[in-house]
Each structure stands twice: as C-alpha cells, then as structure tokens.
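> sequence and predicted structure are below.
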Amino acid sequence: MSYRPRLRSAVIGACTAVLLSGSGLLALPAQAESPQATAATVWRSTSSERTIDAFVQEYIYAIGASHSEGLSPEQVREQYLSKELDESLTTWGSDHQRNPIFRREESPKTFDRVETGQADGNAKVVTTYTWEDGTSSDVWFTVGVDSQVITGLTDPS
C-alpha cells in the first residue's frame, strides 16, 4: 500500500492554506457572525474529500496528457484505488464501453464532492460531476478513513 495519496493530500491542503491566506481569502468579511463560523466553512473539507479531489483531478489530467507528461490514467487508478476495485472497474468499463470513473465517455466539466458519513472505518463521499451540456450525475466513493485508499465506487442510478 502506498502512502503517496495521503502525503499528496496533505501537501495539497497545505498549499491551499498558504494560497488562501496570502490572497486574503481567509480574512473575515465585515458581516460575519463569528470567526469560528467563517473558519469552519473554509476548512470543512475532510481528508476523504481531499483524497477524492486529488484523485479526480489527477485522473482528468492523465486522460488529457500524453504519457511523457506524467502518469497514465491506469497509473493514477493504481495509486488511489484498491486492487479489487481497480479490477472491477476495468471489467465495468469493458462491459459498458464508458469510462468507469465518470460513467460516461467524456470527462466532466467540473465536479464537487461531499462526505456524507462514516461507518466501519470507511467514509462515503458523494461526487457530483457536471457535464458540458449542463447536466449532472452522482457517483458514490468509499474511502478507507485510515488508509485513504478508495475501495468502492457506486453509480446510484
């Protein structure tokens, strides 16, 4: 098991904090009720949400990049997904002739994610993909809370 996804998530979080504080985005607006409310809004992201952010961003980049520019989509999946999930997604993609992560042939225009709960050492992160045509669809990820390895992906529709 690789610790690179956890380290990468920590580095991304630290860089985001530096950028936000340097740009003044962490400054409280005049109408804010309390400093705690604003800070909680900015730092509400969980480690599982950050893992999904990093995975989806790197996966989209890998799809659009040439092999000389970085990791392939298969290598990104290998870093973030459990071996069992990766194998089942490969089968799903072959059976449905679509990208198994996005459940469509194209990459999303944007995406957002929210952790909806934790049970048995796993977090459920609902990811909403928004497509070029303005429609959206959800995919549910299961992430190991301690390992930050993605162990499940479900299309609720």
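That came through, no problem. Numbering: from 1, shown residues only.
> and residue 124, what does it touch?
115, 116, 117, 118, 140, 141, 142 (Cβ atoms under 8 Å, 6 or more residues apart in numbering). C-beta: built from backbone N, CA, C; applies to glycine.
> now it: closest residue in space, sequence neighbours ignored.
residue 116 (5.0 Å; Cβ to Cβ, 6 or more residues apart in numbering).
> of all residues in the protein, which one is nearest the centre?
The geometric centre of the chain, computed from its C-alpha atoms, lies nearest to residue 52 (Cα atoms, centre = their mean), at 1.8 Å.
> wait, isn't it in contact with residue 114?
No. Contact criterion Cβ atoms under 8 Å: residue 52 and residue 114 do not qualify, at 9.7 Å.
> joint contacts of the two?
In contact with both residue 52 and residue 114: residue 125, using Cβ under 8 Å, 6+ apart.
> my read: residue 125 touches residue 53, true?
No. The criterion here is Cβ under 8 Å, and residue 125 misses it with residue 53 at 9.4 Å.
> what about the two, which has more around it?
Ranked by neighbour count (other Cβ atoms under 10 Å), residue 125 and residue 53 place residue 125 first, with 23 against 20.
> now that one: which helix or strand?
Using DSSP states H and E, residue 125 maps to strand 122-130.
> how distant is stretch 79-95 from the center of its chain?
16 Å (Cα atoms, centre = their mean, to the nearest Å).
> how many residues are close by residue 85?
Counted with other Cβ under 10 Å, residues neighbouring residue 85 total 19.
> which ones are touching the nearest residue to residue 55 once chain neighbours are set aside?
Among residues not flanking residue 55 along the chain, residue 80 sits closest, at 4.3 Å (Cβ to Cβ, 6+ apart). If a contact means Cβ under 8 Å, 6+ apart, then residue 80 has 5, 51, 54, 55, 58, 149, 150 as its contacts.
> repeat for residue 114
Neighbours of residue 114 in contact, by Cβ under 8 Å, 6+ apart: 49, 125, 126.
> got the CA coordinates for the helix or strand hosting it in CSV?
In this assignment (DSSP H and E), residue 114 forms part of strand 110-119. Only the C-alpha atoms of strand 110-119 are listed here, as CSV (Å, rounded to 0.1, in the frame of the first residue of the first chain):
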residue,chain,number,x,y,z
THR,A,110,-16.5,20.4,-13.1
PHE,A,111,-17.1,18.3,-10.1
ASP,A,112,-17.9,18.7,-6.4
ARG,A,113,-17.8,16.3,-3.5
VAL,A,114,-19.2,16.0,0.0
GLU,A,115,-18.6,13.4,2.7
THR,A,116,-22.0,12.1,3.8
GLY,A,117,-20.9,9.9,6.7
GLN,A,118,-18.5,7.3,8.1
ALA,A,119,-19.1,3.7,9.2
